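> sequence and predicted model, in that order:
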Amino acid sequence: MYKKILFSAAVLLIFFAFDARGGVINSTWVGGALGPWEGPLYWDPPTVPDNTGDTTFIVTVDPNYIGAECVEITIGWDHTVNRIDTYGEVHLSRQNYQYAPNIEVLEPNGLINHGFLEIEDEIVIKGDVLNTSGAWLNGWFDIENGNLVNMKDARIDATDGNIDVHDENIYNYGSIIATTASGLWSNKEFNNYGEIENYGGMCSSDQTFSNHISGVIKGFGMIHSDEYILNEGFIQSCGGGLLLHSREDFEGPYLVNRGFSNMGKLMNGPGSSLNIRVWVPDVNNLGTIEVHAGGGIAFGCNLVNEPNSGIKLYGGILFAPTITQKADATLQGFGGITGDVVIETDGIIKLTGPTNIVGDVEIKNDATLEVSDGLTLITGKTVCNGTIHIKGGYLIPQGGLSGNCNIIWEPGLYTNVADFNLDGQVNLKDFAYFADVWLWQTAWR
């Protein structure tokens, strides 16, 4: 008789757990700090959450509900539910290390994390995963047939392995941290509206990788796309070398590669380098590039500085096989340029301070190379059919100067070409210095 009463009570509990839709059970974890998903008594009502026929489940796991600091649930085999909501600190791990179970969630945003969620041991989530504002997601797992969405003020850590998204996209509005041998990958698109901190890891996609206007990427490691990398936000190398790599994956799928475009800002941090490697012959700069001292920015293809765009040299080294300066584009500052330089008609480059150009320079009709307040050394050939404007600076065309060149000399704001002894003043002492150092050493003396 007693057993019959208990059985009847269990049936009533299950009956009252159904909502008005008739087939949905609201299942809550009550199994303590550690337990198996497959244990009926670990759930309220006491049945294993797993959709069968017309019976479906909405699962809630909240350590606060049972007075625990955290909950770890081990999973032995595959399950399907409508939705999972996690609160507080929750760990999902597999029971059998020889089998990675699948958890399928059917509703949009099917797995919703409101607290700290760690998914371990290559578990597969089939469906959408949403990391809500203020939440923290960590782990090493796969997502199939669903998007990974990280909301504003939420955080994803890929520090113990890879989080791979198959068949859908990654949307980051919050913070992502990737470390060595870890990262995030989507076989469709990766859209960053928030911040990515890379510490030797890799964030990648098979299709377009977009760093949108509000997006920030910092650190060292790799950003990769088989198809195309678009930067509309801010990308900065720091702590080492950051590689923007847009090439086809040798394992496929083989997509048409469109390389890389910068419409935002690229910058290397002190003592670090930013490298861009693509398969297309040219990269177009439609934004800003800042090259700082102690490092540099290197393009493994030709760089075209488009109108209304800017390159600023702050003592660092800019490299590209050929750098083309268009009209109404800005290239100014000091430091190093490695590669051939072409200044298109009506284009201008302003070098202020000591600068080395290791390569050839071509100055086309009505184009201008302006040198001021320092020495500019060109190691290759200089072909000038435009203007070389020297304002208190010095130009050494070490590889020779040819063409129909208009050369203008004038004092600079801080220096003067007649200030031979570099004391900041132009007087008879400069003539005496010139005579002593140069005139007495001439061949005709």
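The structure has been received and is ready for your questions. Residues are numbered from 1 along each chain as shown.
> and the residue lying closest to D360 once chain neighbours are set aside, how far is that from F334?
Spatial nearest neighbour of D360, chain neighbours left out: G380 (3.7 Å); criterion: CB to CB, 6 or more residues apart in numbering. To be clear about C-beta, it is placed using only N, CA and C from the backbone, and glycine gets the same treatment. From G380 across to F334, the span is 19 Å (CB to CB, to the nearest Å).
> and the closest residue to W409 other than its chain neighbours, how far from G374?
Nearest non-adjacent residue to W409, counting by CB to CB, 6+ apart: I390, 5.2 Å away. Per CB to CB, I390 is found 11 Å from G374.
> residues contacting the closest residue in space to R94 that isn't next to it in sequence?
Nearest residue to R94, sequence neighbours excluded (CB to CB, 6+ apart): D121, at 4.6 Å. Contacts for D121 (CB atoms under 8 Å, 6 or more residues apart in numbering) come out as S93, R94, Y97, A100, W140, F141.
> same thing but 10 Å
Remark: with contacts taken as CB atoms under 10 Å, 6 or more residues apart in numbering, D121 is in contact with 74-75, 92-97, 100-101, 139-141, 160-161.
> one step back: can you verify the residue nearest to W409 is assigned to a strand?
Yes: with DSSP: H, G, I helix; E, B strand; the rest coil as the criterion, I390 is assigned to a strand.
> just checking, it touches C405?
No: between I390 and C405 there is no contact under CB atoms under 10 Å: 11.6 Å.
> what's the pLDDT at the closest residue to V278 other than its chain neighbours?
Ranked by CB to CB, 6+ apart and with sequence neighbours excluded, the top spatial neighbour of V278 is G259, at 3.9 Å. Per-residue confidence at G259 stands at 92 (pLDDT).
> per-residue confidence averaged over stretch 388-402?
Rounded mean pLDDT across stretch 388-402 is 93.
> any regions of the protein where pLDDT drops low?
Applying pLDDT under 70 to the chain picks out residues 1-22, 248-255, 412-445.
> would you map the helices across it?
Using DSSP state H, the helices of the chain run over residues 2-17, 63-66, 428-437.
> how many neighbouring residues does K265 have?
17 (other CB atoms under 10 Å).
> roughly how far apart are it and L286?
11 Å.
> hey, what's in contact with both of the two?
Shared contacts of K265 and L286, counting by CB under 10 Å, 6+ apart, come down to N231, E232.
> give me every residue that touches the closest residue to V291 other than its chain neighbours.
Among residues not flanking V291 along the chain, G316 sits closest, at 3.8 Å (CB to CB, 6+ apart). Contacts for G316 (CB under 10 Å, 6+ apart) come out as 267-268, 270, 272-274, 290-297, 333-336.
> please pick the buried ones from these.
Buried subset of these (neighbour count, 16 or more other CB atoms under 10 Å): 267-268, 272-274, 290-293, 295-297, 333-336.
> is E189 in contact with F209, as I believe?
Yes: E189 lies in contact with F209 (CB under 10 Å); the separation is 7.5 Å.
> neighbour count winner among the two?
Neighbours were counted for E189 and for F209 using other CB under 10 Å; F209 has more, 28 against 20.
> surely that one and E232 touch.
No: between F209 and E232 there is no contact under CB under 10 Å: 11.7 Å.
> what do these two both touch?
Taking CB under 10 Å, 6+ apart as the criterion, F209 and E232 both touch N192.
> find the nearest non-adjacent residue to A181, please.
G201 (7.3 Å).
> and the one you found, how many neighbours?
There are 24 residues near G201, going by other CB under 10 Å.
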